[in-house]
Structures are given as C-alpha cells and as structure tokens.
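Novice: Need the 3D shape of this:
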Amino acid sequence: MSSRGSGTGPNKTPSPPRATVSAPTAGRGNVPVSSASRPPPATTLPLRTTPPPAAPAATGTKRPASRSPSPDTDQIRGLRIMYHTDARDRFSIPEVPRTSATYQTTLFCIYLAFEMLDSQKGRAALLNTATQVLSVNPRSKKTWAVTVNKEVVDAAWITGFLNGMRDDFPNLLLSTRVSDLGVTRRFHWFKGPGSTWKPKEAGLLFLDSRMMDYAADSVSRAATSSTPANVADYENHLLMASITIAHEMVHFLVGRIVGVPDNDTPSKVNSPPNLNTDTGESGRFWEVQFFGRLINAYQTDGNNDPRQGGTLWAEIKPSTGAAARTAQVPQALVKAILARNFSDLPMARVTDIKRPATAKTVRALGPVAANDYFDTATDFDRAFDKMRTLTTSTLSGRDWVRVTSINTTPNNVRVA
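Specialist: Okay, the predicted model is just below:
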C-alpha cells in the first residue's frame with residue numbers, strides 16, 4: 001500500500017473563522033484543516049542575486065498546452081521550504097539552507113512533479129480525476145467553489161490550476177512528525193462567490209524529511225562515485241520523492257474544486273475503486289491513471305537500511321477483492337521518467353512477477369513518527385506567523401537549468 005497521504009477528511013466546522021482539524025486517517029496520515037487566517041505574501045527572492053521576474057497576472061503565467069520545458073515559461077515561484085524536525089519544539093520551522101543538497105534535490109523533485117502533471121498524459125489524468133470527483137450527487141456539491149463560481153472544469157481549467165500552483169507554490173515543510181511520505185492539510189479558502197484561490201492559503205504540504213535528506217545524500221554520493229548501484233539508488237530516490245509531491249498536488253486540485261476540507265472525494269476515486277467505503281483517494285487515483293500502477297519502494301534483498309532507494313515495484317488491484325498484480329519497475333523506465341519521457345506510460349510493457357512476501361516498504365524501515373505536527377487552529381496560526389517572516393524564492397534562469405538536470409548530472413546538486 002502506498003504511504004502517501006490522501007489530503008481528505010471530515011470538516012467538523014463548516015464555516016470560518018475558527019479552523020478545525022480532524023483525527024488522522026489510519027494508515028494514511030493526511031488530515032484536512034479549514035482556516036480563515038492566512039499569512040500575507042512574502043517578499044520573493046531569487047535563488048541567486050539577480051532581480052526576480054515581474055509577478056504574473058492573477059490568472060497565472062501563460063503557458064502553451066504542449067511545450068518543451070523552459071526556464072522562461074516554467075518558473076516555479078513562491079518557494080518556501082522549511083525543516084520541521086525539532087523533537088522538542090514542533091513550532092521550530094527554520095528554512096532549509098538554499099545551497100544545501102536537500103534544498104536542491106527538493107527543487108528537482110518539485111520540478112519533475114510539475115512535468116508529470118503538466119504533460120499531456122498528466123493533464124488528461126488530472127481532468128479525469130476532477131471529472132470523477134465532480135460526479136458525486138449534485139446536491140452535495142451545491143456549495144463547492146467551482147459550482148458557486150460557475151466554473152467549467154475542462155482542459156483550460158486544468159491549465160489555470162497548474163499555473164496557479166507554479167506561481168504560488170504551497171508552503172512546504174520537511175518534517176519528522178508525519179507518518180507518511182507526504183501529507184496535505186487543506187484549508188477552508190472559499191468564503192463565497194468570487195473568492196480567489198491561492199495555493200498558500202488553500203493548504204499546507206508536508207514531506208517526510210528523511211525521504212528528502214536520504215535522497216539528497218544519495219545524489220551527493222553518486223556525484224562522488226557514479227557506480228551503477230549509486231546511480232540506481234539516487235534515481236529511485238528522485239522518482240519516489242517526485243511521485244509523492246505530484247500525489248499531494250492532486251489533493252490541492254480537489255481542494256481547488258471544493259473550497260473546504262470536506263470528506264469530499266467519492267469512494268470510487270481510488271485505486272482500487274471503493275478501497276475505503278467512506279472516502280476516496282484522489283492522489284492514488286491520479287497515479288494509476290498516469291503510471292498505470294502504484295509505484296512504491298521496497299527494501300532490496302533484505303537490506304534493512306532506511307536510507308536506501310530500494311527496489312521500485314509497481315502494483316495494481318482491479319478491485320478490492322482481487323489479488324494485486326506486481327512488477328518490478330525497469331531502471332530504464334525510471335531513467336526515462338526522470339528525463340521527462342513519458343511515452344511508455346501508462347505501463348504496458350512491464351512483466352508481472354510476484355514481489356517477495358517478506359519485503360517491507362523502505363518507509364517502514366524508518367522510525368515511526370508521532371504524527372503530532374499541528375492539531376488546532378491556534379497551532380496553525382502560530383506556525384503561519386513564523387512562515388510569514390521567511391522570504392520566498394523563484395526557480396528560474398541558470399538555477400533552473402542546473403537543477404533540472406540533476407537526474408543526469410548529480411554534481412549539479414552542488415551550488416557554486
């Protein structure tokens with residue numbers, strides 16, 4: 001089972017101003033939050049000392065539907081990446097040093113997540129996910145943001161969503177306090193007709209800090225010694241972290257549709273459908289639409305080191321009662337995806353083989369998190385008060401070119 005969070009759950013208080021938090025969903029770890037109090041935009045600073053580009057229009061920077069990635073059209077703005085790892089103080093959220101390998105590796109994974117989502121196949125999967133979410137009983141969605149605002153959820157709407165995420169990337173915490181690889185906490189951003197969606201006001205994104213630190217270590221190791229084992233290890237790390245980020249961004253898509261953190265995803269929007277009878281899992285649904293299967297990292301040959309990239313396995317269950325079909329992901333396919341070549345997706349040429357029954361997920365090899373990050377409206381307001389004091393950065397120009405080739409040039413993780 002995937003250990004990426006679902007980003008859905010009940011909203012106990014249907015309207016602001018108080019924020020409410022529901023209990024974590026067992027085994028998934030993603031819990032929504034509604035909140036009326038959000039931080040104002042911070043001053044944007046580039047990764048280098050050159051002036052940042054002009055701010056985009058409210059509708060987002062114009063980007064063609066099909067294009068080659070470019071530092072001019074694919075800038076990622078509003079980046080604010082913080083550590084959330086102090087065992088004594090859960091409100092300690094210092095910035096991840098921008099010249100560190102962890103920061104640079106995280107930038108690559110954010111970039112690749114966008115490339116997957118923004119590809120022709122990724123967009124089609126997003127639109128299908130949105131369409132399935134909107135297929136619920138019309139009575140239950142009368143108060144949803146897209147319904148009240150009379151928005152048409154089509155290919156152009158998907159473009160607007162992706163542009164918005166690029167132009168105001170959600171606050172990102174690398175945390176030791178979340179029990180999954182990724183967790184999305186959605187907020188109650190929709191206050192009525194005409195409300196403007198802003199990703200930083202719509203949710204908070206957590207990633208397992210160990211996942212990102214171990215990924216950065218593996219990249220640095222490959223930069224020093226590019227043995228086949230080291231290269232495969234860092235490639236697997238990069239792909240798993242990128243999939244996790246893309247998965248969590250799909251939960252922002254659902255939040256953009258709905259506007260409040262209701263338990264709103266239909267149970268059929270999952271893989272397999274109706275895995276849980278009370279709610280769906282849009283991130284898992286998108287993954288299967290895009291990749292053809294769910295990809296997860298399992299320990300290699302009984303290796304119990306939690307820092308490993310592991311062996312990537314892809315699995316699919318056509319229904320809740322069916323046996324899972326599993327296949328090892330070829331390293332050539334990993335390389336292709338990291339290089340933004342999605343022509344072999346959804347996976348059609350992998351050979352089904354049974355995964356060793358004793359193999360554990362790499363995530364399960366690490367320590368169990370307390371899952372005690374933030375619990376109340378006051379907690380989140382206090383955390384956001386700290387975040388608003390931190391500047392943001394923009395991935396563009398020379399940094400964009402350097403970072404986006406880390407998958408083939410691991411030495412690029414080092415900032416000169």
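
Novice: which residue ranges form the helices in this protein?
Specialist: Shown for the chain, the helices assigned by DSSP state H span residues 101-118, 120-133, 145-148, 155-167, 199-202, 209-224, 228-258, 282-291, 331-338, 362-365, 377-387, 397-403.

Novice: what does the second one contact?
Specialist: With contacts defined as C-beta atoms under 8 Å, 6 or more residues apart in numbering, helix 120-133 is touched by 65-66, 115-117, 153-155, 157-159, 161-162, 246, 250, 253-254, 257-258, 264-266, 268-269, 280, 282, 285-286, 289-290, 342, 345-346. For every residue, glycine as well, the C-beta is placed using N, CA and C.

Novice: Next, name the residue at the spatial heart of this protein.
Specialist: Ile245 (2.1 Å; C-alpha atoms, centre = their mean).

Novice: list the contacts for it?
Specialist: Neighbours of Ile245 in contact, by C-beta under 8 Å, 6+ apart: Cys109, Ile110, Ala113, Gly182, Leu205, Leu207.

Novice: Tyr83 too?
Specialist: Contacts for Tyr83 (C-beta under 8 Å, 6+ apart) come out as Ser92, Ile93, Pro94, Glu95, Val96, Leu173, Leu174, Ser175, Ser209.

Novice: before we move on, the earlier item: want to try TSV for the contacts of Ile245, with neighbour count and distance to Ala336 as columns?
Specialist: Output for these, formatted as TSV (neighbours: other C-beta atoms under 10 Å; distance: C-beta to C-beta, whole Å):
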residue	neighbour count	distance to Ala336
Cys109	25	17
Ile110	26	20
Ala113	23	16
Gly182	29	23
Leu205	25	27
Leu207	27	24
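
Novice: From these, pick the one nearest Thr392.
Specialist: Nearest to Thr392, judged by C-beta to C-beta, of the contacts of Ile245 is Ile110 at 13.0 Å.

Novice: looking at it, that closest one is touching Gly78, isn't it?
Specialist: No: counting by C-beta atoms under 8 Å, Ile110 stays clear of Gly78, with 11.1 Å between them.

Novice: Now for these two: what residues contact both?
Specialist: With contacts taken as C-beta under 8 Å, 6+ apart, Ile110 and Gly78 have Phe169 as neighbours in common.

Novice: Let's see if you can find the most crowded of the contacts of Tyr83.
Specialist: Leu173 (26 neighbours; other C-beta atoms under 10 Å).

Novice: lowest-confidence helix or strand of this protein?
Specialist: strand 44-46 (a mean of 31; mean pLDDT, DSSP states H and E).

Novice: And the residue of the chain most remote from its centre, how far from Thr147?
Specialist: Relative to the C-alpha centroid of the chain, counting by C-alpha atoms, centre = their mean, Arg139 is the outermost residue, at 30.1 Å. The gap separating Arg139 from Thr147 is 11 Å, by C-beta to C-beta, to the nearest Å.

Novice: just Asn296 next, same as before
Specialist: From Asn296 across to Thr147, the span is 35 Å (C-beta to C-beta).

Novice: check contacts around Tyr214.
Specialist: With C-beta under 8 Å, 6+ apart, Tyr214 has these contacts: His237, Pro306, Arg307, Gln308, Gly309.

Novice: Can you tell me the number of residues neighbouring the residue nearest to the last one when sequence neighbours are not counted?
Specialist: The shortest distance from Gly309 to any residue other than its chain neighbours is 3.4 Å, reached at Asn236 (C-beta to C-beta, 6 or more residues apart in numbering). As a burial measure, Asn236 scores 25 neighbours (other C-beta under 10 Å).
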